[in-house]
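Colleague: quick one, structure for this:
(one chain, ligands or ions: 1)
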Amino acid sequence: MRTPGVDHLRGVVLTAPDLAASVRFYEQAWGLLCLEERTDHAVFRALGPEYQALRLEAAAKPRLARIDLAVRSVRDLDDLHVSLTAKQVCIVTPPSRLREAGGGYGMEVLDHEGRLVRISADLAEHAPIHDDSRPIRISHIVLNSPDLEACRFFYSDAFGFVLSDKSADQMVFLRCGTTHYDIAFNQAETISLNHISYELHYYGGVYKAVERVTEAGVPVSWGIGCHGVNGSMFSYFIDPSGFVIEYSCQMRPFDPVAHVPTTWERTSINMDAWGTARPPAQDFLDAMAGLPQRLND
Ligand SMILES: [Fe+2]
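Modeller: Model (predicted):
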């Protein structure tokens, strides 16, 4: 039987202790569009076709509640279900029609470290909207883990992710499509969320977006800079729940056929090629380390 791989990263579900403040931030400052707001949750899209980039759920503690991945078809989802079952992956919800807005057909599983992952197909799509200063989609997520090799193995074996590169012995970068990476894992003491990155169209849009966020009272935590290894412009912030979020833009074109995985050195030019970002503050590094919003608190 064929084992279909994941096609792309759809989005994430986060819990938020102050849901109203988070909704205000993501809609008015961050630039997402709110599709639905209730007393216990809110749903946002970016400007691309993906139905949902972010869902916020009210809860006492902030945590990464779910990762949403896409497969290309209902048949791929059913085949993946058979494959994951044979590999004894924990199936939380077997394939069924999804009842949330956007519809679709999906299942939920636990990864090897207990993260809830929804894989889905056949969701509704939006007509794209063009605004350079607002996110098009979630570009990538970075997850903290004490065991990078176990993460690389699980996400490759279960979902078909491919190793793109490593950053010394600190990070592994995995792709499921044609961009350099969709998910990365960062060596850490805890299983937690490191950061979520939202893609913008071009450099000028990042400056407009950064101005909108800072005018809303949220300072830049690290940036504006440019990652030397992939040419991606970056600017990091901390959201009202304490999650690290990033605007990224214009990652270098990537050839998945010709690419050979390499291990980068963690030099200053690889981290911040322009030298404009200045060293990040300790509260930002703590937030990236997943403190205090540990996944399993
Ligand atoms: Fe990033």
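Colleague: going by C-alpha atoms from here, please, whenever you check contacts or count neighbours.
Modeller: Noted.
Colleague: mind listing the helices for the stretch 1-150 of the chain?
Modeller: Secondary structure of the stretch 1-150 of the chain (DSSP state H, counting those that start in this stretch): helices at 19-24, 74-86, 148-159.
Colleague: if you could redo that for the stretch 151-297 of the chain, that was the one I meant.
Modeller: Assigned by DSSP H, counting those that start in this stretch, the helices in the stretch 151-297 of the chain fall at 203-215, 268-271, 282-288.
Colleague: contacts for the shortest one next, please.
Modeller: Pointing back at helix 268-271 there. 226-229, 264, 275 (C-alpha atoms under 8 Å, 6 or more residues apart in numbering).
Colleague: mind giving me the ChimeraX command for buried ones among the residues you listed?
Modeller: Restricted to buried positions by 16 or more other C-alpha atoms under 10 Å, the ChimeraX selection for these reads:
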select :226,227,228,229,275
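Colleague: so can I have a markdown table of the contacts of helix 268-271 showing distance to Gly114?
Modeller: Formatted as a markdown table, the contacts of helix 268-271 follow (distance: C-alpha to C-alpha, whole Å):
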| residue | distance to Gly114 |
| --- | --- |
| Cys226 | 33 |
| His227 | 30 |
| Gly228 | 33 |
| Val229 | 31 |
| Trp264 | 29 |
| Gly275 | 38 |
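Colleague: go through the contacts of helix 268-271 and flag which are in strands.
Modeller: Counting by DSSP state E, the contacts of helix 268-271 place 226, 264 in strands.
Colleague: could you find the lowest-pLDDT member of the contacts of helix 268-271?
Modeller: Within the set of these, pLDDT is lowest for Val229 (78).
Colleague: one step back: ok, which of the helices of the stretch 151-297 of the chain comes nearest Ile67?
Modeller: With C-alpha to C-alpha, the closest approach to Ile67 among the helices of the stretch 151-297 of the chain belongs to helix 282-288: 17.4 Å.
Colleague: let me have the helices of the stretch 1-150 of the chain in JSON lines, adding mean pLDDT and distance to Asp283 as columns.
Modeller: Shown next, in JSON lines, are the helices of the stretch 1-150 of the chain (pLDDT from 0 to 100; distance: least, C-alpha to C-alpha, whole Å):
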{"stretch": "helix 19-24", "mean pLDDT": "98", "distance to Asp283": "19"}
{"stretch": "helix 74-86", "mean pLDDT": "97", "distance to Asp283": "39"}
{"stretch": "helix 148-159", "mean pLDDT": "98", "distance to Asp283": "24"}
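Colleague: tell me the two of the contacts of helix 268-271 that are most distant?
Modeller: Farthest pair in those, by C-alpha to C-alpha: Trp264 and Gly275, 17.9 Å.
Colleague: quick one: least confident helix or strand in this structure?
Modeller: Within the chain, no helix or strand scores below helix 268-271, which has a mean of 77 by mean pLDDT, DSSP states H and E.
Colleague: who's in contact with the residue lying closest to Asp78 once chain neighbours are set aside?
Modeller: Excluding its sequence neighbours, the residue lying closest to Asp78 (C-alpha to C-alpha, 6 or more residues apart in numbering) is Pro95, at 6.9 Å. Applying C-alpha under 8 Å, 6+ apart to Pro95 gives the contacts 77-78, 81, 105-108.
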